[in-house]
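K.L.:
sharing a sequence plus its predicted fold:
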Amino acid sequence: MKNEDFNDIYRKYHRFSVKSAYRLVKDRMLAEDISQEVFYHLYEIMDTLDLGNEEKLRALIFIATVNKTKDYFKKPWKRQEHVALEDWKRRKPSEEKLNPEKIMLNREEIEYRKQVLLKLRKVNPVNYNILVMVKYFGISPDSVAEEYGITRNNVNNRILRTRKWMKAELEKLHKRH
């Protein structure tokens, strides 16, 4: 395959790939990044691509886009770190003049929540992933239900039960300390 052939494929399917990623992540820039990764990997294997079958090529691009999107969600800590850093950079100077006692209590609460999330990830990784996808990344419950092969009500019930469990775990930590 020549570079011109690959450029034609890129022009023809780039928007399709971005739209497919956007349906899952609901973030235009992130969808663009995911699409770029998909086409980068397709470029690496362009000599093995079959251009004779348009349906097969379209399906390959769709599956690759969905898989790249799933890879992104397998590492939720990555995105949370970036958001936290951006929030820190955008803070107002008045926020630095907080009461030292409040700062210490806030740090303890953050540490407790972190411990509970880590425990949830070990104890019930499926519910952890569902909670993170819906509540932290804003993916629709319908999309998550489709990915896990369950109903929307099941997704909502898992989130509700998980939040109750997390609340109970936080209360246990507070009682211990």
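P.N.:
Looks like it came in fine.
K.L.:
flag the shaky bits of the chain, pLDDT-wise.
P.N.:
Regions of the chain meeting the criterion pLDDT under 70 cover residues 1, 48, 50, 75-107, 137, 177.
K.L.:
try 90
P.N.:
1-9, 24-28, 30, 40-64, 66-122, 125, 128-149, 166-167, 170-177 (pLDDT under 90).
K.L.:
can you list the domain ranges for it.
P.N.:
Domain assignment for the chain, taken from automatic domain parsing, gives 3-73, 77-176.
K.L.:
contacts for the helix or strand where Asp71 lies?
P.N.:
Element membership for Asp71 (DSSP states H and E) is helix 54-73. Here helix 54-73 makes contact (Cβ atoms under 8 Å, 6 or more residues apart in numbering) with 9, 13, 16-17, 20-21, 24-25, 30, 34-35, 37-38, 41-42, 49-51, 79, 129, 132-133, 137, 139, 147. The C-beta positions use only the backbone N, C-alpha and C, and glycine is treated the same way.
K.L.:
PyMOL command to pick out the buried ones of these?
P.N.:
Typed into PyMOL, the next command selects the buried ones out of the contacts of helix 54-73 (criterion: 16 or more other Cβ atoms under 10 Å):
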select buried, resi 9+13+17+20+21+24+25+30+34+35+37+38+42+49+79+129+132+133+137+139+147
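K.L.:
looking at the contacts of helix 54-73, which are in helices?
P.N.:
Helix and strand membership here follows DSSP state H; of those, those in helices are 9, 13, 16-17, 20-21, 24-25, 30, 34-35, 37-38, 41-42, 79, 129, 147.
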